[in-house]
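>>> Sharing a model prediction with you, sequence too.
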Amino acid sequence: MLNHPQDSDLMEEEHLISCCTNIEVLDKVAYPSSRVGLGKKQSKPMILGIIGCGAIANIITDFALEEKLNADLKYFYDVDLDRANKLAAKVDGRAVLNLEDMLSNVDLVIEAASPDAVIKYVPKVLRAGKDVIIMSIGALIGKSFREKLNKIASLNHCNIYTPSGAIVGLDGIKAASMGKINRVSLLTRKPPQSLGIDASEEVVLYEGEAHDAVFKFPVNMNVAAALSIACKQDVKVKIIADPKVDQNCHEIHVSGEFGELTTTTRNVNCTSNPKTSQLAAYSAAQLINSLNNRINVGT
Ligand SMILES: NC(=O)c1ccc[n+]([C@@H]2O[C@H](COP(=O)([O-])OP(=O)(O)OC[C@H]3O[C@@H](n4cnc5c(N)ncnc54)[C@H](O)[C@@H]3O)[C@@H](O)[C@H]2O)c1
């Protein structure tokens, strides 16, 4: 005898699970997309559009092609229409001539273009009531712009997501920020070409606060911005161009009431854009998938 309405739901669920013979089917049947943003439910796969069809978009599109993305990547926009066309052709998607052509058809937009694109397009995406994933997180370093986007998002009942990108440890750092954080530092060491310079020996390009670093190296300092926002303080940053390394390396040290943590990430660069680490694209793809999960592990 069933005592609770939930019991029948559970039995139905168990029946579905027992009918499934592999995990792929299980994902589609037992765990239909459940959540796009807080409080929003939908039963169809999430439809995605992407702004910027470069290195990150290429990796995400390949994941879609390999059916590793739990969403339909359909719309592609880039100032370079050829790039948008190439990616759209991979997944039977559509390249659009302007952002408005995708907005009414998508559930979520991924910005993978540039800090300028965040300033220009993200407010429009939010005003259309669509969730957004921002990769060019350096654009969010300024508190007033963050507050502006936050206000538009809340007025339009949508969400802004920023994946952990090229670093690890943001989960622990966010948790640590519930208590007092005494010190946060970031040491970024990259091959000179990843920093847009030529150098035959190690050069310290910058030492100071994240806020300034982001303005001096806007395309390379997403990590400093993410870290500063996560720990709610301007992080001490050192940027080194090092011809002896062939990976983009980030060392983070945090100490505070929680104790102390150190993380090191040695990232494989994207072949089409050595400034960008493959892990950044992976983190966006994983975030997309986690929006469909009922159980989410990690802070
Ligand atoms: N969060 C992170 O840790 C992290 C890591 C790597 C890269 N990023 C950022 O993600 C963004 C994308 O990186 P990528 O390596 O794919 O770059 P990319 O240069 O390979 O590709 C960017 C694409 O966006 C297009 N684009 C640029 N500005 C545009 C605009 N205003 N409107 C339309 N299209 C525009 C370009 O034509 C290009 O095709 C960059 O801003 C980069 O700094 C973030």
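Looks like it came in fine.
>>> count of residues packed around Ser272?
11 (other CB atoms under 10 Å). (C-beta placed from N, C-alpha, C; glycine too.)
>>> tell me the SS of it?
Following DSSP: H, G, I helix; E, B strand; the rest coil, we place Ser272 in the coil state.
>>> wait, it sits on Asn58?
Yes. Ser272 lies in contact with Asn58 (CB atoms under 8 Å); the separation is 6.4 Å.
>>> which residues sit in contact with the residue nearest the centre of the chain?
With distances taken as CA atoms, centre = their mean, Pro163 lies nearest the centre of the chain, 2.9 Å away. For Pro163, the contact set (CB atoms under 8 Å, 6 or more residues apart in numbering) comprises Ile133, Met135, Ala280, Ser283, Ala284, Gln286, Leu287.
>>> hey, where'd the strands end up in the stretch 51-200 of the chain?
72-77, 94-95, 108-111, 131-134, 160-161, 181-190 (DSSP state E, counting those that start in this stretch).
>>> what about those strands, which gets the closest to the ligand?
Closest to the ligand of the strands of the stretch 51-200 of the chain is strand 72-77 (CB to the nearest ligand atom; 6.1 Å).
>>> tell me which strands and helices the closest one is in contact with?
strand 47-51, helix 55-65, helix 81-90, strand 94-95, helix 100-103 (3 or more CB pairs under 8 Å, 6 or more residues apart in numbering; DSSP states H and E).
>>> Please identify the deepest-packed of the ones you listed.
For the helices and strands packed on strand 72-77, the largest average neighbour count (mean count of other CB atoms under 10 Å) is found in strand 47-51, namely a mean of 26.
>>> Please tabulate the strands of the stretch 51-200 of the chain in a markdown table and include distance to Gly49 and mean pLDDT as additional columns.
As requested, these are exported to a markdown table (distance: least, CB to CB, whole Å; pLDDT from 0 to 100):
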| stretch | distance to Gly49 | mean pLDDT |
| --- | --- | --- |
| strand 72-77 | 3 | 98 |
| strand 94-95 | 9 | 98 |
| strand 108-111 | 5 | 98 |
| strand 131-134 | 10 | 98 |
| strand 160-161 | 14 | 98 |
| strand 181-190 | 31 | 95 |
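>>> Tabulate the ones you listed (TSV), appending distance to the ligand.
Below are the strands of the stretch 51-200 of the chain laid out as TSV (distance: least, CB to the nearest ligand atom, whole Å):
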stretch	distance to the ligand
strand 72-77	6
strand 94-95	12
strand 108-111	8
strand 131-134	8
strand 160-161	11
strand 181-190	11
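>>> Including distance to Leu140, could those strands go into CSV?
Converted to CSV, the strands of the stretch 51-200 of the chain look like this (distance: least, CB to CB, whole Å):
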stretch, distance to Leu140
strand 72-77, 20
strand 94-95, 27
strand 108-111, 11
strand 131-134, 7
strand 160-161, 8
strand 181-190, 16
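>>> Looks to me like Asp246 is in a helix.
No. Asp246 sits outside any helix when classified using three-state DSSP, being coil.
>>> That one contacts Pro191, correct?
Yes. With contact defined as CB under 8 Å, Asp246 counts as touching Pro191 (5.8 Å).
>>> hey, what's in contact with both of the two?
Residues touching both Asp246 and Pro191 by CB under 8 Å, 6+ apart: Asn269.
>>> Who has more neighbours out of the two?
Pro191 (20 against 15).
>>> who's in contact with that one?
Listed by CB under 8 Å, 6+ apart, the contact partners of Pro191 are Ala241, Asp242, Pro243, Val245, Asp246, Gln247, Asn248, Asn269, Pro274.
>>> now Leu69: how far from the ligand?
Per CB to the nearest ligand atom, to the nearest Å, Leu69 is found 16 Å from the ligand.
>>> Check Pro45 too.
24 Å.
>>> Show me which residues of this protein sit near the ligand.
Contact residues (CB under 6 Å from any ligand atom) of the chain with the ligand: 51-57, 78-80, 83, 112-114, 116-117, 120, 135-137, 165-166, 219, 222-223, 273, 276-277, 280.
>>> which among those end up buried?
51-57, 78, 83, 112-114, 117, 135-137, 165-166, 219, 222-223, 276-277, 280 (16 or more other CB atoms under 10 Å).
>>> Show me the shaky parts of the chain.
Along the chain, the parts satisfying pLDDT under 70 run over 1-43, 218-220.
>>> Which residue ranges of it form helices?
5-19, 23-30, 55-65, 81-90, 100-103, 115-127, 143-155, 170-176, 210-216, 222-231, 278-290 (DSSP state H).
>>> The shortest one packs against which elements?
The one in question is helix 100-103. Secondary elements touching helix 100-103 (3+ CB pairs under 8 Å, 6+ apart): strand 72-77, helix 115-127.
>>> Quick check: the gap between the residue nearest to Asn273 when sequence neighbours are not counted and Asn150.
Using CB to CB, 6 or more residues apart in numbering and skipping the chain neighbours, the partner closest in space to Asn273 is Ala55 (3.7 Å). Per CB to CB, to the nearest Å, Ala55 is found 28 Å from Asn150.
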